[in-house]
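1. Just the structure for this:
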Amino acid sequence: MMKKTLILVFLLLLGGGTMASASSPAIKRYEDSDRPVIASRGSWSIGGNAAFFAHSNSNYNFSALEGVNSVGFRISASPQVCWYFRNNLGAGLKAAYGRNMLSIGNANASVGNISLGLKDYNTVREDVSATAFLRYFIPVGDSRRISFHVDAGLQCRTGRAKKSEEHTGAVRGSWLSRWNAALVLDPGITVFLGNRTALWASVGFVEISRNSRSEIHNQVSEGTIGSFSASLLPDLTGLNIGIDFYPGRK
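-> This next block holds a predicted model:
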């Protein structure tokens, strides 16, 4: 009798435990996969931005400036590609090229009894840079259309410039070369116009850089400058707007 009672109690306990396990939901740990996926693992994107600006002044007067005759332009292009090795996290490469030209035929500035003038002043500057970066998307709520993103990377830049003027009646000129290495952090926002096309905007927020510059003046004297800088504030003058394409995005 005692043996049958023990077997019955065991069967009741086993049945109750099975029912409890079936009725109790399993505890599920938090996973990043529960968040909206902006760019899935194995996908990639390509895009960038480009800009062109030109101006021409003829006998232009503004404030202390008088009789300004000048022409100039700026052109820039920055392609980029990114491959996503995890959901919302990718590694990429950016390249950039920029060229500025300014030619002032004549310009005068007067402040009180002080007068300054430029005649036949010309400057040309070129810059080339490459940036290896990591990009992380931070979705806004449950949306797959709007997301914040952060780019963190290492940037290397080199450039050269030439300046010349004839204000004193003799041609004088300087030839400048420089390079820059920096750690950069650029936050921004991405808005998908369709499933595979996105418009983005970003601004420089953190830059820690090492700079070097050398200059030759009139092919006679030479000088060098080295500097270290750190910027931890948003650079609103460095606002970038571009477009990216995600060929494999669904």
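2. got a list of what the residue positioned nearest the centre of the chain touches?
-> Note on the chain: the residue nearest the mean C-alpha position is residue 186, at 5.2 Å, using Cα atoms, centre = their mean. Neighbouring residues of residue 186 by Cβ atoms under 8 Å, 6 or more residues apart in numbering: 150-152, 202-205, 240. From N, CA and C alone the C-beta is placed, and that goes for glycine too.
3. Could you measure from the residue nearest to residue 89 when sequence neighbours are not counted over to residue 56?
-> Leaving aside its sequence neighbours, residue 89 sits nearest to residue 136 (Cβ to Cβ, 6 or more residues apart in numbering; 5.3 Å). According to Cβ to Cβ, to the nearest Å, residue 136 and residue 56 sit 44 Å apart.
4. More neighbours: those two, which one.
-> When neighbours are counted by other Cβ atoms under 10 Å, residue 136 and residue 56 differ, and residue 136 comes out ahead with 16 against 10.
5. returning to what we had before: highest neighbour count among the contacts of residue 186?
-> Highest neighbour count within those, by other Cβ under 10 Å: residue 151, with 23 neighbours.
6. Tell me the backbone dihedrals of it, please.
-> phi -110, psi 120 (degrees, to the nearest 10).
7. Now do the helices for the protein: every range, in order, please.
-> For the chain, the helices defined by DSSP state H cover 2-23.
8. ok, now which ones touch residue 39?
-> 45, 82, 84, 87-88, 90, 137, 246, 249.
9. what does residue 73 give?
-> Counting by Cβ under 8 Å, 6+ apart, residue 73 has contacts 52-55, 100-101.
10. Dig out what it forms beta bridges with.
-> residue 54, residue 101 (DSSP bridges).
11. per-residue pLDDT, it?
-> We note a pLDDT of 93 for residue 73 in this prediction.
12. Of the contacts of residue 186, which one scores lowest on pLDDT?
-> pLDDT across those is lowest for residue 205, at 83.
13. my read: that one touches residue 187, true?
-> Yes. Counting by Cβ atoms under 8 Å, residue 205 does reach residue 187; the two are 5.5 Å apart.
14. List the contacts of residue 235.
-> So residue 235 contacts 203-205, 207 (Cβ under 8 Å, 6+ apart).
15. Report how many residues lie close to the nearest residue to residue 158 once chain neighbours are set aside.
-> Nearest residue to residue 158 in three dimensions, chain neighbours excluded: residue 179, at 4.6 Å (Cβ to Cβ, 6+ apart). Close neighbours of residue 179, defined as other Cβ under 10 Å, add up to 14.
16. where's residue 179 relative to residue 127, distance?
-> 10 Å.
17. related to what we said a few turns ago, mind pulling up the pLDDT for the residue nearest to residue 158?
-> 92.
18. Residue 11 now?
-> Looking at residue 11, the pLDDT reads 51.
19. One more: residue 115?
-> At residue 115, the predicted lDDT confidence score is 66.
20. Residue numbering should commence at 56 henceforth.
-> All set: I'll call the first residue 56, so the last point we hit is now residue 170.
21. All the strands of the chain, residue numbers only.
-> Per DSSP state E, the chain carries strands over the ranges 99-117, 120-141, 144-166, 169-194, 201-220, 227-247, 252-259, 261-272, 276-286, 290-300.
22. contacting residues around residue 156?
-> Counting by Cβ under 8 Å, 6+ apart, residue 156 has contacts 127-129, 178-180.
23. how about stretch 184-195: buried residues?
-> In terms of neighbour count (16 or more other Cβ atoms under 10 Å), stretch 184-195 has its buried residues at 184, 186, 188, 190-192, 194-195.
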